[in-house]
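Chemist: Based on what follows, work out the 3D shape:
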Amino acid sequence: MEENISKTEFSNVSEAIYMWHNVVHLKDVEHKKFPGVVDFFKNAEITLVDYVAENYYFPINVVNSTCREDLLDCTKRATRNYQSDIKAALTISDENSQRIAVAQADQTMLQEMEICGGTYDLCIQN
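Modeler: Here you go, the predicted structure:
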């Protein structure tokens, strides 16, 4: 981590660790406040997860069907990955390690959805 700190906006490793602990804490609070979200991804059938990805993440009213389909595929992939990551995280017996894994799953989901959105934006511009 120390070798790559200069590639980040953090001034040092301690600051990066401190900020990561804040993210874990905030995600823990979020999941305690909305436990149904984690339970959904833990227990839902993949067809229901796909339905949610297709109908709730993005209101898609675009004429360009290729861009729409690519976005839907990307969103479904990100959602399925999230479900897999959440299921794996919830099998961890150490509570602190589980909280970290769940926070990492959330961050990965956000990153993947941003990539989906960026790819979609590029597609509709071409």
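
Chemist: in stretch 77-86, what counts as buried?
Modeler: Across stretch 77-86, burial judged by 16 or more other Cβ atoms under 10 Å covers 78-79, 82-83, 85-86. Bear in mind the C-beta positions are built from the backbone N, C-alpha and C, glycine included.

Chemist: what does stretch 25-39 give?
Modeler: Those would be 27-28, 31, 38, for stretch 25-39 by 16+ other Cβ under 10 Å.

Chemist: what about it, distance to the chain center?
Modeler: The chain centre lies 13 Å from the centre of stretch 25-39; the measure is Cα atoms, centre = their mean, to the nearest Å.

Chemist: and the closest residue to Ala89 other than its chain neighbours, how many neighbours?
Modeler: Using Cβ to Cβ, 6 or more residues apart in numbering and skipping residues adjacent in sequence, the residue nearest Ala89 is Ala101, 3.5 Å away. Per other Cβ atoms under 10 Å, the neighbour tally for Ala101 reads 19.

Chemist: my guess is Ala101 meets Ala88, correct?
Modeler: Yes. Look at Ala101 against Ala88 with Cβ atoms under 8 Å: they come within range, at 7.1 Å.
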